[in-house]
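Q: fold the stuff below for me.
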Amino acid sequence: MTLKNVKPSLDRIGKSLADVQDNREFLLKNTREIIILCSRAIISIHKGDLKTGKKNLRQADLLIKKYRKKAISDLHRYLITSEQEFVEASCLLAVTEGKEIPTDKKLKVSGEGYVLGLLDCVGEMKRMVFDKIRTGNIDEALRIFEVMETLYLHLYPFSMYDKVLKEARRKVDVDRILVDDTRGAVTEEKRRSEIIDAINKLKK
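A: Numbers count the residues shown, from 1 in each chain. Have a look, this model is predicted:
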């Protein structure tokens, strides 16, 4: 009988595929919680509630580490979006606190999740710059814009990897527009502030 070894092989392969499928369904369902936690962290950071932001980030970090054990075979791609959100929130927190943006090794995320998260954070930094301008904190707006612009320049070359890094080119193009818009707003506000200072000096 030439099929003697087929059934045991198929049984083993079937069990392995069933495990992969179960883990895939688990990741699809549960990684949404990580994305929600990171979104809440970003909202809290923008509000200046860093304590709550850090708490949400810690919870997201624990879940990513837990779910990574489920990312067997080639299932890691189902973690990339949650890693991306985690990097975005972690980057924004670091910029807010005036600290160095953590590395991919520090955050324990994939290279793809890291790059895409940093690209997304450029938009959050624009929002932060405009918030600082609105409240009259031009120095802080300038500081954040400098980080924003430098980060964009570091990320720009990754547009060439669009075929292997999903939406990289589109995100780089969007970030270029965001940086240009923010540069215009910061420049205008700085000039306005200098004019006001000059007028006030003349009044003295």
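Q: what's the burial count for residue 42?
A: Per other Cβ atoms under 10 Å, the neighbour tally for residue 42 reads 22. Bear in mind the C-beta positions are built from the backbone N, C-alpha and C, glycine included.
Q: let's have the chain start at 53 instead
A: From this message on, residue numbering opens at 53, which makes the last subject residue 94.
Q: measure residue 163 to residue 151 for me?
A: Going from residue 163 to residue 151 by Cβ to Cβ, to the nearest Å gives 22 Å.
Q: compare these two (neighbour count), which wins?
A: Taking other Cβ under 10 Å, residue 163 and residue 151 do not tie; residue 163 has more neighbours (12 against 9).
Q: quick check, the more buried one in contact with residue 156.
A: Yes - taking contacts as Cβ atoms under 8 Å, residue 163 lies within contact range of residue 156: 6.1 Å.
Q: can you list contacts of stretch 186-196?
A: Contacts to stretch 186-196, defined as Cβ atoms under 8 Å, 6 or more residues apart in numbering, come from residues 147, 150, 177, 180-182, 184-185, 238, 241-242, 245.
Q: point out where the protein drops to low pLDDT.
A: Counting by pLDDT under 70, the chain contains low-confidence residues at 53, 124-125, 249-250, 253, 255-256.
Q: now the buried members of the contacts of stretch 186-196.
A: The neighbour-count test (16 or more other Cβ atoms under 10 Å) applied to these identifies 147, 177, 180-182, 184-185, 238, 241-242 as buried.
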